[in-house]
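Student: From the sequence below, what's the structure:
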Amino acid sequence: MYIRKEFLKEAPFETVVLAMAHELSHLVLGAIGHPLKHTEEAVDLTAMMLGYKNFYLIGYQYEVEKLNRIQLNLRKIFGRLFDYIAGKWMVVSEIRRVGYLTYSEIEFAADLMDREIKTPLSDLAKHWNRCAFKIVDK
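Tutor: Take a look at the predicted model:
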């Protein structure tokens, strides 16, 4: 798995965690030989089911400033003074989305996951938590 330095610099923590969880979910689905291992929406849902749903709710999009070369040079020279003088009228920003689900799909899936639905995965998670607490208690 490769993560670009530019992405790490500009994206908030939650978005970076979301991206890593997505990529690791590819490995999980591949390891169990799941037929949806190459379906990106299923990979996102897998990451959410494995405990990263709040990261999806918070970090699915982020804002990035887009400066041209002159603006970048002025910022290097003048630092924060450039930001104060230029204000928002010189700085253009763009919204970047991460993942393959829309926000409404993320909310819907998170809502379903918050309910007590009896599924083999939720039973497995409860069993794992019981085992983990037994190990810690000893």
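Student: I would like the residues contacting the helix or strand hosting residue 96, please.
Tutor: With secondary structure defined by DSSP states H and E, residue 96 is part of strand 92-97. Contacts made with strand 92-97 from outside it, assessed by C-beta atoms under 8 Å, 6 or more residues apart in numbering, are listed as 11, 60-67. The C-beta positions use only the backbone N, C-alpha and C, and glycine is treated the same way.
Student: Now do the helix or strand following it against strand 92-97, angle only.
Tutor: Of the helices and strands lying after strand 92-97 in sequence (DSSP H and E), the nearest is helix 103-114. Between the axis of helix 103-114 and that of strand 92-97 there is an angle of 40 degrees, by axes from the mean of the first three to the mean of the last three C-alpha atoms, to 10 degrees.
Student: about what we covered before: alpha carbons of the strand holding residue 96, in PDB - could you do that?
Tutor: Listed next in PDB are the C-alpha coordinates belonging to strand 92-97 (Å, rounded to 0.1, in the frame of the first residue of the first chain):
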ATOM      1  CA  VAL A  92      -9.400  29.300  -4.200                       C
ATOM      2  CA  SER A  93     -10.400  26.100  -2.400                       C
ATOM      3  CA  GLU A  94     -11.700  22.800  -3.600                       C
ATOM      4  CA  ILE A  95     -13.600  20.000  -1.900                       C
ATOM      5  CA  ARG A  96     -12.100  16.500  -2.300                       C
ATOM      6  CA  ARG A  97     -14.000  13.300  -1.600                       C
END
